[in-house]
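Novice: Provide a 3D model corresponding to the input given below.
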Amino acid sequence: MPLLLSFSLIGATVGENEEIVNSRKHDVISYLKNGKNLPRNQNPEKAFSEFKIALELAQNLKDPIEEKMAARGLGALLQRQSKYRDAIKYHLMVL
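Specialist: Residues are numbered from 1 along each chain as shown. All right, here's what the predicted structure looks like:
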């Protein structure tokens with residue numbers, strides 16, 4: 001019979017700041033998904049806006065993974081539009 005261990009943190013509560021961070025992280029992910037789906041629908045300007053907002057939110061949250069995902073999306077979008085010099089700026093952020 002397997003031994004099940006459980007524990008609880010005494011006095012631990014989910015603070016208001018954690019809820020705000022989780023909400024903002026959810027917003028970042030939502031903008032990333034929107035940006036990714038928009039170029040397929042031939043709306044690159046809106047996709048750029050979505051990725052840009054996601055990048056700014058990720059930078060405010062100091063979330064390097066989401067920040068790189070947004071920068072990658074911006075770089076790829078600009079590259080598809082043959083805006084190579086602008087794309088390089090965002091591709092470098094991913095490295």
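Novice: when you work out contacts or count neighbours from here on, use the C-alpha atoms and nothing else.
Specialist: Noted.
Novice: helices or strands up against the lengthiest helix in the chain?
Specialist: For the chain, the helix with the greatest residue count under DSSP state H is helix 16-37. Contact here means 3 or more Cα pairs under 8 Å, 6 or more residues apart in numbering; DSSP states H and E; on that basis helix 16-37 packs against helix 44-61, helix 64-80.
Novice: distance to residue 24, mean pLDDT and mean neighbour count added to those, as a markdown table?
Specialist: Output for those, formatted as a markdown table (distance: least, Cα to Cα, whole Å; pLDDT from 0 to 100; neighbours: other Cα atoms under 10 Å):
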| stretch | distance to residue 24 | mean pLDDT | mean neighbour count |
| --- | --- | --- | --- |
| helix 44-61 | 7 | 94 | 20 |
| helix 64-80 | 11 | 95 | 21 |
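Novice: any chance of a markdown table for those, columns distance to residue 95?
Specialist: What follows is those, written out as a markdown table (distance: least, Cα to Cα, whole Å):
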| stretch | distance to residue 95 |
| --- | --- |
| helix 44-61 | 15 |
| helix 64-80 | 8 |
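Novice: to residue 31, which of these lies closest?
Specialist: Comparison of those against residue 31 by Cα to Cα identifies helix 44-61 as nearest, at 5.2 Å.
Novice: what lies in contact with that closest one?
Specialist: Helix 44-61 is contacted by residues 21, 24-25, 27-29, 31-32, 34-39, 64, 66-68, 70-71, 73-74, 77 when judged by Cα atoms under 8 Å, 6 or more residues apart in numbering.
Novice: make it 10 Å
Specialist: Here helix 44-61 makes contact (Cα atoms under 10 Å, 6 or more residues apart in numbering) with 21-22, 24-25, 27-41, 62-75, 77-78, 80-81.
Novice: for the residue nearest in space to the middle of the chain, which residues are in contact?
Specialist: Nearest to the geometric centre of the chain sits residue 66, at 3.5 Å (Cα atoms, centre = their mean). Shown in contact with residue 66 (Cα under 10 Å, 6+ apart): 25, 28-29, 32, 54-55, 57-59, 72.
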